[in-house]
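*Asks:* For reference, the sequence and a predicted model appear below.
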Number of protein chains: 2
Amino acid sequence: MELIKKYIEENKERFLNELFDLIRIPSISARPENKEDMFKATEYIKKCLLDAGADHAEVIETKGHPVIYVEKLIDPSAPTILIYGHYDVQPVEPLDEWDSDPFMPEIRDGKIFARGADDDKGQMFMHFKAFELMIQTGTLPCNVKFMIEGEEEIGSPSLKKFCIDNKKKLASDVILISDTTMIAPDIPSITVGLRGLSYMEVEVTGPNRDLHSGLYGGAVMNPINALTKMIASLTDENNYITVNGFYDDVLEVSDGERKEMAKAPFNLEEYKRSIDIDNEVGEKGYSTTERTGIRPSLDVNGIWGGYIGEGAKTVLPSKAYAKISMRLVPNQNSKKIDKLFEDHFKSIAPDGVRVEVKSLHGGEGYVSPIDTIAYQAANRACEESFGKKPIPVRSGGSIPIVSDFEDVLGIKSILLGFGLDSDAIHSPNENFPLFNFYKGIETIPLFYKYFTEMSR
Amino acid sequence: MELIKKYIEENKERFLNELFDLIRIPSISARPENKEDMFKATEYIKKCLLDAGADHAEVIETKGHPVIYVEKLIDPSAPTILIYGHYDVQPVEPLDEWDSDPFMPEIRDGKIFARGADDDKGQMFMHFKAFELMIQTGTLPCNVKFMIEGEEEIGSPSLKKFCIDNKKKLASDVILISDTTMIAPDIPSITVGLRGLSYMEVEVTGPNRDLHSGLYGGAVMNPINALTKMIASLTDENNYITVNGFYDDVLEVSDGERKEMAKAPFNLEEYKRSIDIDNEVGEKGYSTTERTGIRPSLDVNGIWGGYIGEGAKTVLPSKAYAKISMRLVPNQNSKKIDKLFEDHFKSIAPDGVRVEVKSLHGGEGYVSPIDTIAYQAANRACEESFGKKPIPVRSGGSIPIVSDFEDVLGIKSILLGFGLDSDAIHSPNENFPLFNFYKGIETIPLFYKYFTEMSR
């Protein structure tokens, strides 16, 4: 432990500078314009891990953005830990709400501000530096593999096939992922549940061209009016989702488990204050943490149509669009939900409009057992570095590939995240506290140590 | 009549070239970036009318875009016709739906394609050229004044004050306006009714920043979800508008008048085919022409919020916006409707969001009597040039300033328009058939002639 702290202390500035170099590469997976940057990011990471002491590193092409595979195999009798992370980031819009350039990392109030500062460049980089630390201090206790992808933010379309094609290469005893949050800055957490995702885009077409809203208004169905009615009907007054068959596969969580979950510290007033809302709103009969942890949800992620510039334009538009996503709970199948949504949404189209629905991405939820060696090792690692036991939490987010890892590779994942809800991932002013960054680097080697010890 | 036709024939190419020069000036009143172009347009028009033979022309500043005032006074005992028009045009978005540059006029299929080709540069220019024609052929029978404004497309915010300040200067016997449509290419029409307008913008705010839709989705009211519910509730299943008190001042049109209106030629199948819709949709109990002619309506003209770029971004946005306008019938007051809408819209905001409402512009409806000399003169002019009697129609559009003209100046307006519904005004590929352009130039001098004769 002293050795770990000393190494971090002596190298902390360099760690940060190296992370900043990675952050400065705008590797936005959703934007074709940034294709070149994706390659730059892979080259940077490959070099970073080879410099740290990896035996082998390669950039492997996929149909989409490439995957970086790296290994350091030291002892066939020792266990193997596979680190998963992603070098791609979310788009940065709306740009004018950022206080600094999203790709020029800045430290303010003890936090790194930049796109990817937390998700996932910052959290992934903790693993790179913990890896370096163990090699440089001669304390690496087991074999390590890295699988770093570039399509997490667009639903990892190529990674399942990558796993199938490289099953042997990826063989390992546990997958360790830092892409989740802690309950609070001083409360370490291990994520034991993730939601699935079904992300759709809909297009509603009324007349074949934009019309003058005076000459036609009142006689022709306006596709925006229609779209608002359709979306409004997707949830009822209790915030239940009305898509036909939506809840068929939802497993209710037992009262006992709900009681257990309710023990996790949660301050509703602080929650509301942190995002400046007067009232929390959600599915009737469930608490705020349950609404994101164990229940599905439906959000419009974007909507657009008609004239959205300055001033008044009296148009009755031809088209209106929305991006609508549903978070799913374990046992719901995203492909099935895609289909249910499409059928339902088309069925509620009013007279006078035509509707198209397509799936943009999706993935399954995940529940992790807590009686495994890996969970216990993470538990001990956190206890030692934070001075308190971590809390198992069900996150509302989705890392769809985690359920694929189990299906394809047969390996369980440990979700040991060091982010905070206030890190504003996917939003303007994404940030990552320096405390968390260094605490992650400190905790990871302890996980390696206990996992190796307990596996023998 | 022969004289008129001969002059048009000899000058038709020059007329078109001069109109094109005006169209090429992108005088979009809603865009501050185009301020310089507004001045260019006024200078062009001033020169055009002086060249045609006007005695006096001036560009008069207002708080907004300037007004051009021009006069040719030939005989104190003759009547005076005041021509109203506007040199400003609508924005051109969505640009990618135009088949040619909106400000580079092109002739295709016998039509001029450009922003402003009809509304109102094309229609206004017919008056300029008819004026030139009468002067050059020595047939101008009366006094003429022009009042050409630059803010019609943003609700004429300065023109009422302009009329109050210049009441004496504007004194005349009738106001002649070409900014409306004909029922069909071969059916001349005189517009005897216009709708009023109340155009609002709403802003719905949920959390104070964009959130991750996984971490927060289901527990926090999404402002887009909220906005869709609020807008959806503004009209009921019969397409009645639900804003409290909205219909209080609506005057029902008598069955007799409705029967009379129903005699105007209207082909519903052709109407639906022209805009490619399967079903017409509107207020229960009224026909398509009634829904735009004598009934109010509510349209969302624009909506936006969240992520609207390519791909999938899992954001629960902080804000959502919409532009919502209501067309009003005569006797509804736009200011009163603004207030009713604001109160109603705020009252339906669900828990968890805050709402702001502002009025972007508005104006009153208008009904014109048909037993006036001016109407009869227009009737005879159309009958002579088209070979058939014009039909009185109630248009769904709004020219809010027309009711102000009556209130402030005490002068009735004649709405003698030569556009077609298919001209796509306010839309991509706005156009104006050459036939209509020249037919307008031919008809206008006949109006001057009959109006002068009948006024003596």
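*Replies:* Received, thanks. Numbering: from 1, shown residues only, chains lettered A, B, ... in the order given.
*Asks:* Was I right to think A:F437 contacts A:F418?
*Replies:* Yes. Using Cβ atoms under 8 Å, A:F437 is in contact with A:F418, at 7.4 Å. C-beta here means a position set from N, CA and C on the backbone, and glycine is covered the same way.
*Asks:* Around chain B, pick out the residues from the stretch 101-250 of chain A.
*Replies:* Residues of the stretch 101-250 of chain A lying close to chain B (Cβ under 8 Å from any Cβ of the partner chain) are A:153-155, A:181, A:195, A:197, A:199, A:201, A:206-222, A:224-225, A:227-229, A:231-233, A:235, A:239.
*Asks:* Would you mind giving me the ChimeraX syntax to select the buried ones in the residues you listed?
*Replies:* In ChimeraX, a selection of the buried entries from those looks like this (16 or more other Cβ atoms under 10 Å in any protein chain shown):
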select /A:153,154,155,181,195,197,199,201,206,207,209,210,211,212,213,214,215,216,217,218,219,220,221,222,224,225,227,228,229,231,232,233,235,239
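*Asks:* picking up where we left off before, return every residue with contacts to both of A:F437 and A:F418.
*Replies:* Listed as contacting both A:F437 and A:F418 by Cβ atoms under 8 Å, 6 or more residues apart in numbering or on different chains are A:M126.
*Asks:* neighbour count winner among those two?
*Replies:* Under the neighbour definition other Cβ atoms under 10 Å in any protein chain shown, A:F437 and A:F418 were set side by side, and A:F418 has more, 29 against 26.
*Asks:* just checking, the more buried one touches A:F125?
*Replies:* No. Assessed by Cβ under 8 Å, A:F418 is found out of contact with A:F125, at 11.0 Å.
*Asks:* where do the contact lists of those two overlap?
*Replies:* Joint contacts of A:F418 and A:F125 (Cβ under 8 Å, 6+ apart) are A:F437.
*Asks:* Tell me who's in contact with A:K272.
*Replies:* With contact set as Cβ under 8 Å, 6+ apart, A:K272 has these partners: A:278-280.
*Asks:* Give me the PyMOL select line for those, limited to the buried ones.
*Replies:* The buried residues among the contacts of A:K272 can be selected in PyMOL (16+ other Cβ under 10 Å) with this line:
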select buried, chain A and resi 280
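*Asks:* Format the contacts of A:K272 as TSV; extra columns: pLDDT and distance to B:S403.
*Replies:* Output for those, formatted as TSV (pLDDT from 0 to 100; distance: Cβ to Cβ, whole Å):
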residue	pLDDT	distance to B:S403
A:D278	95	42
A:N279	94	44
A:E280	95	48
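*Asks:* what about A:I373, how many neighbours?
*Replies:* When neighbours are defined as other Cβ under 10 Å, A:I373 has 17 of them.
*Asks:* Can you give me the domain boundaries for chain A?
*Replies:* If you go by automatic domain parsing, the domain ranges for chain A are A:2-194+A:365-455, A:196-251+A:295-363.
*Asks:* Can you lay out the ones you listed as JSON lines showing mean pLDDT?
*Replies:* Below are the domains of chain A laid out as JSON lines (pLDDT from 0 to 100):
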{"stretch": "domain A:2-194+A:365-455", "mean pLDDT": "96"}
{"stretch": "domain A:196-251+A:295-363", "mean pLDDT": "96"}
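*Asks:* And these: which comes nearest B:S334?
*Replies:* Relative to B:S334, the nearest member of the domains of chain A by Cβ to Cβ is domain A:196-251+A:295-363, separated by 12.6 Å.
*Asks:* between the contacts of A:K272, which is closest to chain B?
*Replies:* Lowest distance from chain B to the contacts of A:K272 (Cβ to the nearest Cβ) belongs to A:N279, with 4.2 Å.
*Asks:* quick one: contacts for the nearest residue to the closest one once chain neighbours are set aside?
*Replies:* By the measure of Cβ to Cβ, 6 or more residues apart in numbering or on different chains, the closest residue to A:N279 outside its immediate chain neighbours is B:D351, 4.2 Å from it. The contact partners of B:D351, by Cβ under 8 Å, 6+ apart, come to A:278-279, A:281, B:221.
*Asks:* If you tally nearby residues, what's the number for the closest residue to A:H86 other than its chain neighbours?
*Replies:* Closest residue in space to A:H86, ignoring its immediate chain neighbours: A:E152 at 3.6 Å, by Cβ to Cβ, 6+ apart. Using other Cβ under 10 Å, A:E152 has 25 neighbouring residues.
*Asks:* my guess is A:E152 contacts A:S398, does it?
*Replies:* No. Contact criterion Cβ under 8 Å: A:E152 and A:S398 do not qualify, at 10.0 Å.
*Asks:* thinking again about what came up before, roughly how far apart are the residue nearest to A:N279 and A:I277?
*Replies:* From B:D351 across to A:I277, the span is 9 Å (Cβ to Cβ, to the nearest Å).
*Asks:* list residues touching both of these two?
*Replies:* In contact with both B:D351 and A:I277: B:M221, using Cβ under 8 Å, 6+ apart.
*Asks:* For A:M126, grab phi and psi.
*Replies:* Torsion angles at A:M126 (phi, psi; degrees, to the nearest 10) stand at phi -60, psi -40.
*Asks:* what's the neighbour count on A:E283?
*Replies:* Using other Cβ under 10 Å, A:E283 is surrounded by 18 other residues.
*Asks:* What segments of chain A are helices?
*Replies:* With helices called from DSSP state H, chain A shows them at A:2-23, A:35-52, A:121-136, A:159-165, A:213-216, A:223-232, A:255-261, A:268-275, A:288-293, A:334-347, A:373-386, A:401-404, A:434-455.
*Asks:* Pipe the ones you listed into CSV and attach distance to A:V59 per row.
*Replies:* CSV is the format used below for the helices of chain A (distance: least, Cβ to Cβ, whole Å):
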stretch, distance to A:V59
helix A:2-23, 15
helix A:35-52, 5
helix A:121-136, 15
helix A:159-165, 12
helix A:213-216, 53
helix A:223-232, 42
helix A:255-261, 41
helix A:268-275, 39
helix A:288-293, 36
helix A:334-347, 29
helix A:373-386, 28
helix A:401-404, 19
helix A:434-455, 24
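*Asks:* returning to that earlier point: and the residue nearest to A:H86, what is it in contact with?
*Replies:* A:29, A:86, A:88, A:120, A:179, A:399, A:401.
*Asks:* now A:M454
*Replies:* Residues near A:M454 by Cβ under 8 Å, 6+ apart: A:373, A:376-377.
*Asks:* Repeat that for A:K358.
*Replies:* A:200-201.
*Asks:* at 6 Å what do you get?
*Replies:* A:K358 is in contact with A:E201, counting by Cβ atoms under 6 Å, 6 or more residues apart in numbering or on different chains.
*Asks:* do A:S359 as well
*Replies:* By Cβ under 6 Å, 6+ apart, A:S359 lies in contact with A:200, A:338.
*Asks:* Distance of the closest residue to A:K284 other than its chain neighbours relative to B:G218?
*Replies:* In space, and not counting its chain neighbours, A:K284 is closest to A:N238: 3.9 Å by Cβ to Cβ, 6+ apart. A:N238 is 12 Å from B:G218, where distance means Cβ to Cβ.
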